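**Q** okay, structure incoming, though there's no sequence with it:
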Ligand code: IVH
């Protein structure tokens with residue numbers, strides 16, 4: 001039997017972990033370092049292993065605890081799961097006809113209050129909570145009967161296993177399970193790199209994951225959830241409006257999308273439709289429209305249903321993000337690192353709000369796996385700000401003269417050998433900077449907004465400069481003068497002057513931008529920032545060995561090797577030196593002139609009263625290890641350490657997604673850094 005103390009400890013751990021999960025997965029603002037979280041989690045797992053009777057169904061350890069199922073049991077919905085009527089009309093007419101129908105049925109001329117939401121493109125799910133504990137999750141099925149997918153739903157970390165302050169005897173929450181674009185892209189990139197099948201779109205990703213019989217497999221594909229309504233409710237009187245119901249669900253700890261608005265009248269609906277359309281690409285997930293709902297529950301009741309659709313709600317759709325078109329040809333594009341990308345040349349098609357005539361086919365294996373032939377009718381997807389891609393073919397429409405694709409063995413731009421290394425999915429041109437295509441891409445990358453930010457240096461100009469032999473390497477850019485530029489075709493004196501001005505301005509940069517601009521393989525913007533923060537000086541990065549590089553957060557062996565290889569090339573060192581000679585410069589981090597300490601480049605902010613240390617003490621310890629301690633929180637803050645009564649700085653940290661630690665986490669870090677330093681110097 002578990003003793004009292006074990007019981008109390010387990011309950012406390014469950015509470016703490018649920019709280020941290022809420023911060024991490026629902027509020028998107030982690031509150032403790034991952035390692036600390038893992039420690040708590042393991043402690044709970046151990047306790048439950050020793051005393052199985054302590055294992056409750058809402059324990060966080062039970063998220064992936066199911067066994068492989070033979071099938072999904074049917075679940076009869078206590079309240080049917082309905083669908084909604086769809087409008088595809090333009091913003092104005094769709095909104096006005098819905099509003100007119102509502103007013104007509106209610107026989108009123110008064111403006112109606114609506115709640116506007118997004119129409120998430122995923123899978124509808126009913127979550128059943130009994131006395132606040134998640135007991136069952138089911139798909140919509142035919143609306144009357146769905147499938148029991150509880151095991152897989154439990155693996156979704158933003159779905160609380162236990163509701164906060166919810167007194168309802170029974171509360172069924174309805175909402176959409178979806179896969180974020182980031183998780184979808186990451187999953188596909190990982191699969192692609194290993195030559196494994198990819199997901200067609202996030203919706204299929206979500207649906208396929210939920211219908212996995214092995215919960216371990218679902219747990220590997222990250223899903224999310226938004227609540228948008230109620231099913232059966234007992235022992236709780238929901239608020240009088242839909243918007244207040246959503247607020248209540250949010251207060252129970254359920255994720256509710258913030259992109260919603262309470263408005264009055266048809267024009268406001270149309271405005272919402274348009275406002276969301278403008279930011280559709282920038283949303284972190286796919287939507288296929290917006291939903292308008294009459295806000296008052298009393299009016300909803302009065303409006304009732306037609307067949308199986310409520311009269312009080314409508315889905316107002318946007319243009320589809322997938323379309324069919326014909327693949328006319330496949331061309332090869334040579335990227336900055338020599339990667340050969342097969343690009344689909346399409347019969348132009350309107351998809352996801354724009355006309356698309358090129359789409360990526362990623363690589364040779366993927367073309368083979370999807371069985372794409374030139375001449376096929378293909379499915380094109382364009383969603384978010386990622387480049388359009390071919391996601392599949394319609395085999396039934398394959399013409400007799402369709403032909404398969406063959407990867408060339410010589411670079412179509414420079415004729416160099418094409419190689420495909422073992423275990424790699426990508427074919428590469430071996431021409432390096434001899435290949436004009438690679439040179440052009442390297443220049444464009446160097447000049448791009450997030451790198452050196454050279455305004456006015458676009459692809460047309462880069463083509464001209466490279467093709468006419470004016471520019472051979474990155475430093476040549478900074479040797480351009482007004483006379484040379486003005487002599488180019490389609491280049492006026494004024495634009496030449498502007499470009500020289502922009503070049504001059506770009507030289508004053510930051511270390512991380514400069515590093516990113518060099519185009520070292522595997523060194524993206526984030527890694528460049530991490531490197532700059534960690535080392536503080538370019539020389540330190542150029543001289544660093546694998547071991548030192550591995551000390552940088554998120555730098556693994558592949559990235560470290562790539563950095564070492566880059567700076568081992570005399571030619572690359574030469575490029576760096578020349579760029580600096582030509583005026584590229586940045587502010588060096590303070591206090592790092594001759595010594596790099598474990599926390600060099602990190603900025604901390606201390607706030608509130610810490611349990612054992614004074615703030616001055618904490619500050620002195622952090623500074624002794626090379627960290628900077630700042631007075632206010634900004635995007636550059638590495639971490640905020642918060643004690644009791646922390647105020648606005650803590651709020652600001654959450655707003656900016658800056659990690660927030662408590663004193664225990666800080667002590668752990670100080671301890672680790674201190675021993676690292678001793679090891680390094682001893
Ligand atoms: S309300 C009675 N709200 O769209 C009203 N549905 O046909 C029930 N959906 O597959 C639905 N986002 O899963 C509602 N904000 C939202 C939604 C939404 C997506 C899906 C839903 C169902 C379909 C409705």
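**A** Perfect, I can see it now. All of these numbers come straight from a predicted model, not from anything done at the bench.
**Q** what about the most centrally placed residue in the chain, distance to residue 657?
**A** Closest residue to the average C-alpha location of the chain: residue 182 at 3.2 Å, with CA atoms, centre = their mean. With distances taken as CB to CB, to the nearest Å, residue 182 is found 14 Å from residue 657. (Each C-beta comes from the backbone N, C-alpha and C, glycine too.)
**Q** ok, residue 558 next?
**A** 26 Å.
**Q** residues near residue 583, how many?
**A** 12 (other CB atoms under 10 Å).
**Q** identify the residues contacting the residue lying closest to it once chain neighbours are set aside.
**A** Distances taken as CB to CB, 6 or more residues apart in numbering put residue 507 closest to residue 583, at 4.3 Å, once the chain neighbours are dropped. Residues in contact with residue 507 (CB atoms under 8 Å, 6 or more residues apart in numbering) are 452, 478, 582-585.
**Q** residue 486 now?
**A** 492-493, 496.
**Q** pLDDT value on the residue sitting furthest away from the middle of the chain, please?
**A** For the chain, the residue at maximal distance from the C-alpha centroid (CA atoms, centre = their mean) is residue 107, at 46.2 Å. Looking at residue 107, its pLDDT reads 96.
**Q** relative to residue 101, how far out is it?
**A** Taking CB to CB, one finds residue 107 at 12 Å from residue 101.
**Q** one more: residue 481?
**A** 67 Å.
**Q** more neighbours: which of those two?
**A** residue 101 (16 against 10).
**Q** that one: helix or strand, and which one exactly?
**A** helix 91-106 (DSSP states H and E).
**Q** after that helix, next one along is what?
**A** Next along from helix 91-106, by DSSP H and E: strand 113-120.
**Q** tilt between that following strand and helix 91-106?
**A** Comparing the axes of strand 113-120 and helix 91-106 via axes from the mean of the first three to the mean of the last three CA atoms, to 10 degrees yields an angle of 130 degrees.
**Q** so for the helix or strand just after strand 113-120, mean pLDDT?
**A** Downstream of strand 113-120, the next assigned helix or strand under DSSP H and E is strand 123-130. In this model, strand 123-130 has a mean pLDDT of 97.
**Q** got the contact list for the residue of the stretch 251-400 of the chain found nearest the ligand?
**A** Residue nearest to the ligand within the stretch 251-400 of the chain (CB to the nearest ligand atom): residue 291, separated by 4.3 Å. The contact partners of residue 291, by CB under 8 Å, 6+ apart, come to 84, 116-119, 228, 313-316.
**Q** next one: residue 179
**A** Contacts of residue 179 by CB under 8 Å, 6+ apart are 122, 187, 199, 202-203, 205-206, 209, 221-224, 285.
**Q** give me that answer again for 7 Å
**A** 202, 205-206, 223 (CB atoms under 7 Å, 6 or more residues apart in numbering).
**Q** ok, so of these, who is nearest the ligand?
**A** residue 206 (10.8 Å).
**Q** just to revisit the earlier point, beta partners of the residue of the stretch 251-400 of the chain closest to the ligand?
**A** residue 117, residue 315 (DSSP bridges).
**Q** tell me, please, where in the stretch 501-650 of the chain the pLDDT is lower than the cut-off.
**A** 589-596 (pLDDT under 70).
**Q** try the stretch 1-150 of the chain
**A** In the stretch 1-150 of the chain (pLDDT under 70), the answer is 1-2, 65-66.
**Q** need the helices for it, in chain order.
**A** 4-21, 34-50, 91-106, 150-154 (DSSP state H, counting those that start in this stretch).
**Q** between those, which gets nearest to residue 277?
**A** helix 91-106 (7.3 Å; CB to CB).
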